[in-house]
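Undergrad: return a 3D structure for these sequence lines:
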Amino acid sequence: MQSSKPPGRSWVSRLDRYLVGHVSGLPGGNHDAFFRRLSASANQGKLWMGTAAVLALFPGKTRRAAVHGLIAQGVASAVTNVVFKTLLPRTRPLPEHLPVFRFVHPQPTSSSMPSGHSASAVAFAVGAGLVRPALGVALAPAALGVAYSRVHTGAHWPSDVIFGSILGAGAALVTRHWWPVRPPIPPTTRAVTSAPALPGGEGLSIVVNTLGGSFKEETAAALQEIFPKAHINIAQLDEELVQRINATADHPGTLALGVWGGDGTVGAAAAVAVERSIPLLVLPGGTLNHFARDAGTGSLKEAVAAAEKGDAALADVGVVTVERGLAGNPEVSRLIMLNTSSVGLYPNLVRRREYLQPALGKPLAGVVAMFRTFAAGTPTTLSVDGVRHKVWIAYLGRGRYYPRDHAPLIRPVMDDGVLDVRLITADESFARLRLLWSVLTGTVASSRITHLREATEVRIDAGGAPMALAVDGEALAGVRKVAYEVRPKALAYYSPRP
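TA: Sure, this is the predicted structure:
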């Protein structure tokens, strides 16, 4: 008995010809020119690269979505064209299958299976959508249009397009692990406490550090105008800052201590405020003002409003015990840490990231800064809580910072009682290549070179060789050992109610 099926044709081939026959029967019109142009615009991924360039103009998630889309597209294109087109040779549709006015000319000469245009289109749309779903929805019609255009113009069979689309979606999902979607940042919370209201600055004594990055001759006069009843003390260049802060806090009638300066100045003032059990008002005025930002007083207007109303909260502080000098006769000092401390290359990373952030946005600036910092840097050998490591970065934050990767930026909770400990190590073979690859693929947080944990106490020993330590942006040289601990809710600070 003879089979009715044409010899050598599978059900996929028969379905392809059936679907192409229906496309061939569609009436001609302006849509033919539209699909030809749409298909041509996606050659070599030009359509998606142009789209990514436009999206990159918008910082934040939109820019991150564009980067993820391009990474997914690149992977999909490579797998499709280099691997599957070699493994699955197939003849493309012939001119007799479609009207001549619709048929693409010249027709591609590579294997028809799978469709590289479809793989790239779906990879870019899905990759961008994994980061920003609304953007993925907006890109979906263009991606589907490109995929369909390959059948409409006779460049591919429908099964080529379906398989290519599956490869594109798979590439986007795989690269999600390379460039993972960051978990949401928890809402800002405050441990509210009572503090004296300071109308017009009454009861407020402010120390101003003239070394602050934005200090000008009129700074003190401007603060006096804002706080007409406050006592304002200027720390001159040749004076000991801590002595000036103590003298400011000793002023008769002082109910609260104000500080104008960068993170190092704020940390010194916080130590005095904690010792005297008086609230601290942080005024943004230095080169870096991380505590002011996290406290909600990133602008002078916010700081004034909190002081006028007596709105305040409690924050944990870190106590840093530093050992310098000879091992047999060490010099021991203690510092208050409000924000972060680090050993290794982290200060260089932060400086580069802060410089690049206005132009590139936070995530991309962090990636570029990591590449530049670690391409030429060298690791430091340390013992961390008794475990010996070669370390690129030993980072400790006073409180949980977000995102949970190599570029922490935001601290929504000021009284969580923990130290945020992050080590990026060079213990593994090919350490520098591992590090740069994890930065490129966005997998620093999940890489074997990264160790993330939380603690209430941490001890770091340089093993006799002095290390460079930074505490709240202030560099300390010749440090042999350092110990950290948390003092819960030790500092009262003025902060607007969330």
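Undergrad: which residues in the stretch 151-300 of the chain form helices?
TA: 158-178, 219-226, 241-249, 263-276, 290-295, 300-309 (DSSP state H, counting those that start in this stretch).
Undergrad: okay, now the unreliable bits of the stretch 251-400 of the chain?
TA: In the predicted model of the stretch 251-400 of the chain, residues 286-288, 327, 362-363 satisfy pLDDT under 70.
Undergrad: strands of that one, start to end?
TA: Listed in chain order, the strands of the stretch 251-400 of the chain (DSSP state E, counting those that start in this stretch) span residues 256-261, 280-284, 311-325, 330-337, 340-344, 380-384, 387-398.
Undergrad: could I get the fifth one in CSV with only the CA atoms?
TA: Read it as strand 340-344. C-alpha atoms of strand 340-344 as CSV (Å, rounded to 0.1, in the frame of the first residue of the first chain):
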residue,chain,number,x,y,z
THR,A,340,31.4,52.4,56.0
SER,A,341,34.9,51.2,56.4
SER,A,342,37.2,49.4,54.0
VAL,A,343,40.5,47.8,53.3
GLY,A,344,41.9,47.4,49.8
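Undergrad: helices or strands next to it in the packing?
TA: Packed against strand 340-344 by the contact rule (3 or more C-beta pairs under 8 Å, 6 or more residues apart in numbering; DSSP states H and E) you find strand 380-384, strand 387-398, strand 467-471, strand 474-494. In this view, the C-beta of every residue, glycine as well, is placed from N, C-alpha and C.
Undergrad: with respect to Tyr346, which of those strands lies nearest?
TA: strand 387-398 (4.6 Å; C-beta to C-beta).
Undergrad: in that closest one, what's buried?
TA: Of the residues in strand 387-398, His389, Val391, Trp392, Ile393, Ala394, Tyr395, Leu396, Gly397, Arg398 count as buried by neighbour count, 16 or more other C-beta atoms under 10 Å.
Undergrad: now render the strands of the stretch 251-400 of the chain as CSV, adding distance to Thr373.
TA: Converted to CSV, the strands of the stretch 251-400 of the chain look like this (distance: least, C-beta to C-beta, whole Å):
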stretch, distance to Thr373
strand 256-261, 27
strand 280-284, 27
strand 311-325, 24
strand 330-337, 22
strand 340-344, 10
strand 380-384, 14
strand 387-398, 9
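Undergrad: just name the most buried of those.
TA: Stretch with highest mean neighbour count among the strands of the stretch 251-400 of the chain: strand 256-261 (a mean of 28; mean count of other C-beta atoms under 10 Å).
Undergrad: parallel or antiparallel, list what pairs with it.
TA: strand 204-209 (parallel), strand 280-284 (parallel) (DSSP bridges).
Undergrad: how far off centre is that strand?
TA: 31 Å (C-alpha atoms, centre = their mean, to the nearest Å).
Undergrad: between strand 474-494 and it, find me the angle.
TA: On the basis of axes from the mean of the first three to the mean of the last three C-alpha atoms, to 10 degrees, strand 256-261 is oriented at 140 degrees to strand 474-494.
Undergrad: other residues contacting strand 256-261?
TA: By C-beta atoms under 8 Å, 6 or more residues apart in numbering, the surrounding residues in contact with strand 256-261 are 195-196, 198, 203-209, 211-212, 219, 223, 227, 230, 245, 248-249, 265-266, 269, 272-273, 276, 278-283, 285-286, 307, 494.
Undergrad: again, 6 Å this time
TA: 204-209, 212, 249, 266, 269, 273, 278-281, 283, 285-286 (C-beta atoms under 6 Å, 6 or more residues apart in numbering).
Undergrad: likewise stretch 352-369?
TA: Stretch 352-369 has contacts (C-beta under 6 Å, 6+ apart) with Pro59, Arg63, Arg64, Leu349, Arg372, Ala407, Leu409, Val439.
Undergrad: list buried residues within those.
TA: Applying 16+ other C-beta under 10 Å to the contacts of stretch 352-369 flags Pro59, Arg63, Arg64, Leu349, Ala407, Leu409, Val439 as buried.
Undergrad: could you dump those to JSON lines with distance to Gly328?
TA: Putting those into JSON lines (distance: C-beta to C-beta, whole Å) gives the following:
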{"residue": "Pro59", "distance to Gly328": "53"}
{"residue": "Arg63", "distance to Gly328": "54"}
{"residue": "Arg64", "distance to Gly328": "52"}
{"residue": "Leu349", "distance to Gly328": "35"}
{"residue": "Ala407", "distance to Gly328": "40"}
{"residue": "Leu409", "distance to Gly328": "42"}
{"residue": "Val439", "distance to Gly328": "42"}
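Undergrad: show me those that map onto helices.
TA: Arg63, Arg64, Leu349, Val439 (DSSP state H).
Undergrad: could you dump those into JSON lines and include distance to Ser341?
TA: Shown next, in JSON lines, are those (distance: C-beta to C-beta, whole Å):
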{"residue": "Arg63", "distance to Ser341": "30"}
{"residue": "Arg64", "distance to Ser341": "28"}
{"residue": "Leu349", "distance to Ser341": "14"}
{"residue": "Val439", "distance to Ser341": "22"}
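Undergrad: farthest pair within the residues you listed?
TA: Arg63 and Leu349 (19.7 Å).
Undergrad: for Gly298, what are its contacts?
TA: Pro284, Ala292 are the contacts of Gly298 under C-beta under 6 Å, 6+ apart.
Undergrad: show me how far stretch 360-377 is from its chain's centre.
TA: Between the centre of stretch 360-377 and the centre of its host chain there is 10 Å, according to C-alpha atoms, centre = their mean.
Undergrad: give the buried residues for it.
TA: 360-370, 373-374, 377.
Undergrad: show me those that map onto helices.
TA: Counted as lying in helices by DSSP H, out of the buried residues of stretch 360-377, are Leu360, Lys362, Pro363, Leu364, Ala365, Gly366, Val367, Val368, Ala369, Met370, Thr373, Phe374.
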